[in-house]
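Predicted coordinates and the sequence they were generated for:
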Amino acid sequence: MGKVAVGAAVVCAAAVCAAAALVVRHRMKSSGRWARAMAILRELEDKCGTPIGKLRQVADAMTVEMHAGLASEGGSKLKMLISYVDNLPTGDENGLFYALDLGGTNFRVLRVQLGGKEKHVVKHEFDEVSIPPHLMTGTSEGLFDFIAEALAKFVATEGEGLHPAPGRQRELGFTFSFPVWQTSITSGTLIKWTKGFNIEDTVEQDVVGELTKSMEKIGLDMRVTALVNDTIGTLAGGRYHNQDVIAAVILGTGTNAAYVEKAHAIPKWHGLLPKSGEMVINMEWGNFRSSHLPLTEYDQALDAETLNPGEQIFEKIISGMYLGEIVRRVLLKMAQEADFFGDVVPPKLKIPFVLRTPDMSAIHHDSSPDLKVVGSKLKDILEISNTSLKMRKVVVAVCDVVATRGARLSAAGILGVLKKLGRDTVKDGEKQKSVVAMDGGLYEHYTEFRTSMECTLKELLGDEVAEHISVEHSNDGSGIGAALLAASHSQYHEVEES
Ligand code: GLC
């Protein structure tokens, strides 16, 4: 071999060695990164764990807090608000009624023609309007003016056969899905905004008064005859179709529950004992918290950055407004501490709330062999491309951990309510059925969440009791339910009865 050839061989060998060293270093580095990412995932699984024993502790704590909240105003983180609904729909409701359903980024206006026992809901029409983001953080006047305008436009589309009886004012059931301290079925003051609303001047303002002022301004002649929370509307809507409905749960942007309580079991109730002996309670369970809740560093950081730190802790680990955001925070940690998506942390991943729960749900439900949906969501939302199948699987696993924790905890909450009602056991020969009416986008659209919640509830109740308890989707309950309550509290009611 000539000198030149030897030199070339040496150079080549050195290059090969250097390249091999690079590959080895790269592999070592990436396996180190992978191990770090896996450690983050394992730790998340560990901290979010909801073994059955823990769920029972959560359910017991819920029952205890329910008692405390009923005993005195401010006695618990659970407000246990008195709704002034002491009569749920019977089926006799008749006539044309309106409803307004406000509680998230969209609101709905509905028109419902009720036909009594025989015909039930003869016709119902609705319109959905999204709230411009600046109105969610502006003044109450701006928000209510906008709503009144939309309501007036909707009223103007009343068609043939869908008018109130001559000489009668239009009546409205107002579903206002925020905590309200009610003083009657038609009046109440807002306690605080939740779910990202940050209106400057409404605390302690009369909610119905505000809406009425805005309606009067534009000459809309309509009277609010029932002011209700969405849980109360859902309970009313559920009861209309099924007399066994005893509670309602919302799993949507926020989460909450309502149930029918014996009036004498409400020590803080100082009103006249209702004829029915019952009163519907809006628990505001989103504000539940307990040392038994499995909280993580991600939840704590998220809570600290919200508009209402320290509040709505149960809601912040269960509901649709927050689940995607928790997942984003976990992925961000993987990116920052394990270079999970490469050497650079994807800038989009740093944007709070960029990953919405419906997208998380699409990722979680991807059943394609190569997780195509996961790949395209990561690309479209977070601008992360070239992900391997292995990486996509990790992203799905993060969604699974976060959704499963929320679903199982909501089942524990339901068990807490059933315990309070003494319906978590069956006595010999008892055939009593209990139905929980459910509504909300998370329940309706996030199948994995819903299935996990329902399975966990069965697991907690045991086969025998589970046969007596069912969870039913009360579709559009909160809107129709509010219209039904507007009907049963109509100003013309007594005239008709006499
Ligand atoms: C939030 C509100 C509550 C509502 C729930 C579901 O928790 O505070 O009033 O029922 O969201 O919409």
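Great, that's in hand.

burial measure for whatever residue of the chain ends up closest to the ligand, as a count.
Nearest residue of the chain to the ligand: G254, at 2.3 Å (C-beta to the nearest ligand atom). For every residue, glycine as well, the C-beta is placed using N, CA and C. Residues near G254, counting by other C-beta atoms under 10 Å, number 26.

Does it touch S177 like I think?
Yes: taking C-beta atoms under 8 Å as the definition, G254 is a contact partner of S177 at 7.0 Å.

What parts of the chain come near the ligand?
103, 177-179, 194-195, 229-231, 250, 252, 254-256, 284, 286, 315 (C-beta under 6 Å from any ligand atom).

so where do the strands sit in the stretch 101-250 of the chain?
Residue ranges of the strands in the stretch 101-250 of the chain, as given by DSSP state E, counting those that start in this stretch, are 106-115, 121-130, 170-176, 180-184, 187-190, 222-228, 245-251.

What average pLDDT does the shortest one get?
Put plainly, it is strand 187-190. What strand 187-190 shows for mean pLDDT is 93.

and if you look at the last one?
pLDDT averaged over strand 245-251 equals 97, rounded to a whole number.

Keeping just the C-alphas, turn it into CSV.
Output of strand 245-251 as CSV, limited to C-alpha atoms (Å, rounded to 0.1, in the frame of the first residue of the first chain):
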residue,chain,number,x,y,z
VAL,A,245,-84.0,11.5,39.2
ILE,A,246,-82.7,12.7,42.5
ALA,A,247,-79.5,14.5,41.6
ALA,A,248,-77.8,16.2,38.7
VAL,A,249,-74.1,16.5,37.8
ILE,A,250,-72.5,18.8,35.3
LEU,A,251,-69.2,17.7,33.7
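
Walk me through which strands it pairs with, and which way each runs.
Take DSSP bridges as the rule and strand 245-251 pairs in its sheet with strand 255-262 (antiparallel), strand 434-439 (parallel).

could you point out which element follows the helix or strand containing R33?
Assessed by DSSP states H and E, R33 sits inside helix 3-47. The helix or strand immediately downstream of helix 3-47 is helix 52-71, counting by DSSP H and E.

Would you mind listing the buried residues in that next one?
Buried residues in helix 52-71, counted by 16 or more other C-beta atoms under 10 Å: 54-66, 69-70.

From the residues you listed, pick the one nearest E448.
Closest to E448 out of the buried residues of helix 52-71 is L55 (17.8 Å), distances taken as C-beta to C-beta.

In contact with that closest one, which residues are there?
408-409, 411-412, 415, 456, 460 (C-beta atoms under 8 Å, 6 or more residues apart in numbering).

how does it look with 7 Å?
By C-beta atoms under 7 Å, 6 or more residues apart in numbering, L55 lies in contact with 408, 411-412, 460.

can you list these in a markdown table and add neighbour count?
Shown next, in a markdown table, are the contacts of L55 (neighbours: other C-beta atoms under 10 Å):
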| residue | neighbour count |
| --- | --- |
| R408 | 27 |
| A411 | 26 |
| A412 | 27 |
| L460 | 20 |
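
will you turn the residues you listed into JSON lines that also has distance to K123, pLDDT and secondary structure?
As requested, these are exported to JSON lines (distance: C-beta to C-beta, whole Å; pLDDT from 0 to 100; DSSP: H, G, I helix; E, B strand; the rest coil):
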{"residue": "R408", "distance to K123": "40", "pLDDT": "98", "secondary structure": "helix"}
{"residue": "A411", "distance to K123": "36", "pLDDT": "98", "secondary structure": "helix"}
{"residue": "A412", "distance to K123": "40", "pLDDT": "98", "secondary structure": "helix"}
{"residue": "L460", "distance to K123": "40", "pLDDT": "98", "secondary structure": "helix"}
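
where does this protein have low pLDDT?
Applying pLDDT under 70 to the chain flags residues 1-29, 201-204, 494-498.

Mean neighbour count, the strands of the stretch 101-250 of the chain: which tops it?
Ranked by mean neighbour count, the strands of the stretch 101-250 of the chain are led by strand 245-251 with a mean of 28 (mean count of other C-beta atoms under 10 Å).

residue contacts, L100?
107, 109, 147, 151, 172, 174-175.

Also A412?
55, 58-59, 460.

what about the spatially closest residue to the residue of the chain closest to the ligand that is not a sequence neighbour, distance to L102?
Of all residues beyond its chain neighbours, the one nearest G254 is K195 (4.7 Å), with distances taken as C-beta to C-beta, 6 or more residues apart in numbering. Remark: distance between K195 and L102 (C-beta to C-beta, to the nearest Å) = 11 Å.

Repeat that for P267.
Taking C-beta to C-beta, one finds P267 at 32 Å from L102.

out of the two, which sits in the more crowded spot?
L102 (22 against 11).

Now do the same contact list for that one.
Here L102 is in contact with 147, 175-177 (C-beta under 7 Å, 6+ apart).
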